[in-house]
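Chemist: Fold the following and give me the result.
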Amino acid sequence: MNADTVLCLSFLEHTIGKMWSGVTSMGYRGSFGKKDVYARISKIEDVFITEGVLWEVEIDKHNKNVVFRQLESEAMEDIDQKMQALAAEDPWKNALEGYNAAFDRYLSGDYDDTLVKKLYNSIEEVLKMICVDLEGWTEDREMSHGKYLQLLGENDFYRANGITAPELNQLIDSMEKLVSKTGADRKQEHAYHDREYATLLIHQTGAYIYFLISRYDEYSN
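Modeler: Okay, here's the model as predicted:
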């Protein structure tokens, strides 16, 4: 995040905060009310979504102030950039179509089960590409993700310098839990109208896929 963005966010936070403080102060009788502040916050958050600015606006009604809160870290933003670079090139372009489609829905504010399904499909496609298309360990494209992960283990895919066995097992376990969690969400029919949840899910999935692809590059070379 550059200095201009930080300055702009600080100005907006201060301005909206002054508005909120004014309309909630004792004795206020102006025509500009709480609903007007909420309307301006809604417009700001719409811009955050469409421009990919991963912040949100919170109103602390107890302390009567407005806080701008970051939804992601620089590490998460870095993963997003790396994923976009991978998605632009072969051989991963097709496998990452689901991830890109999910990210587009996220930027449009569509935090629904379709977003979750596309993320899960992208994980499946990367696993199939490694196990079926690139290495030919199996011809079966209908196996569960657990079977593909088992194939990776059987072929020493996870062996990496500088990583101890316990650390590696913990990493694999975390990845399996993520895929299972996303897979369970995939079966649900209700929408996920929660930007924070969608942000977390996208970045967890991106980190998972990036690890798989990076590890495959090491493995194949």
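Chemist: next SSE after the lowest-mean-pLDDT helix or strand in the chain?
Modeler: Sorting the helices and strands of the chain by mean pLDDT, DSSP states H and E puts helix 165-186 at the bottom, at a mean of 56. As assigned by DSSP states H and E, the chain's next helix or strand after helix 165-186 is helix 195-220.
Chemist: Quick check: Leu119 is in a helix.
Modeler: Yes: counting by DSSP: H, G, I helix; E, B strand; the rest coil, Leu119 is located in a helix.
Chemist: Would you mind confirming that it is in contact with Ala207?
Modeler: No: here Leu119 lies out of contact with Ala207, judged by CB atoms under 8 Å, at a distance of 11.9 Å. For glycine as for every other residue, the C-beta is placed from the backbone atoms N, C-alpha and C.
Chemist: who has more neighbours, the two?
Modeler: Between Leu119 and Ala207, Leu119 has the larger neighbour count (other CB atoms under 10 Å), namely 30 against 20.
Chemist: what's near enough to touch the more buried one?
Modeler: Contacts for Leu119 were tallied using CB atoms under 8 Å, 6 or more residues apart in numbering; they are 98-99, 102, 182, 201-202, 205.
Chemist: One more: Ile209?
Modeler: Here Ile209 is in contact with 83, 96, 99, 122-123, 126 (CB under 8 Å, 6+ apart).
Chemist: biggest separation within those, which pair?
Modeler: Met83 and Ile123 (12.2 Å; CB to CB).
Chemist: And the protein, what are its domain boundaries?
Modeler: 3-70, 74-220 (automatic domain parsing).
Chemist: Point out the most buried one among the ones you listed.
Modeler: domain 74-220 (a mean of 16; mean count of other CB atoms under 10 Å).
Chemist: how about Leu151, secondary structure?
Modeler: Here Leu151 takes the helix state, with states given by three-state DSSP.
Chemist: roughly how far is stretch 40-51 from the heart of the chain?
Modeler: A distance of 18 Å separates the centroid of the chain from that of stretch 40-51, by CA atoms, centre = their mean, to the nearest Å.
Chemist: Of the contacts of Leu119, which one scores lowest on pLDDT?
Modeler: Least confident by pLDDT among the contacts of Leu119: that is Thr182, with 56.
Chemist: any idea which element the residue lying closest to Trp92 once chain neighbours are set aside lies in?
Modeler: Spatial nearest neighbour of Trp92, excluding adjacent residues (CB to CB, 6 or more residues apart in numbering): Leu86 at 4.9 Å. Here Leu86 sits within helix 74-87, counting by DSSP H and E.
Chemist: Spit out the contact partners of Trp20.
Modeler: Trp20 touches 34, 37, 59, 64-66, counting by CB under 8 Å, 6+ apart.
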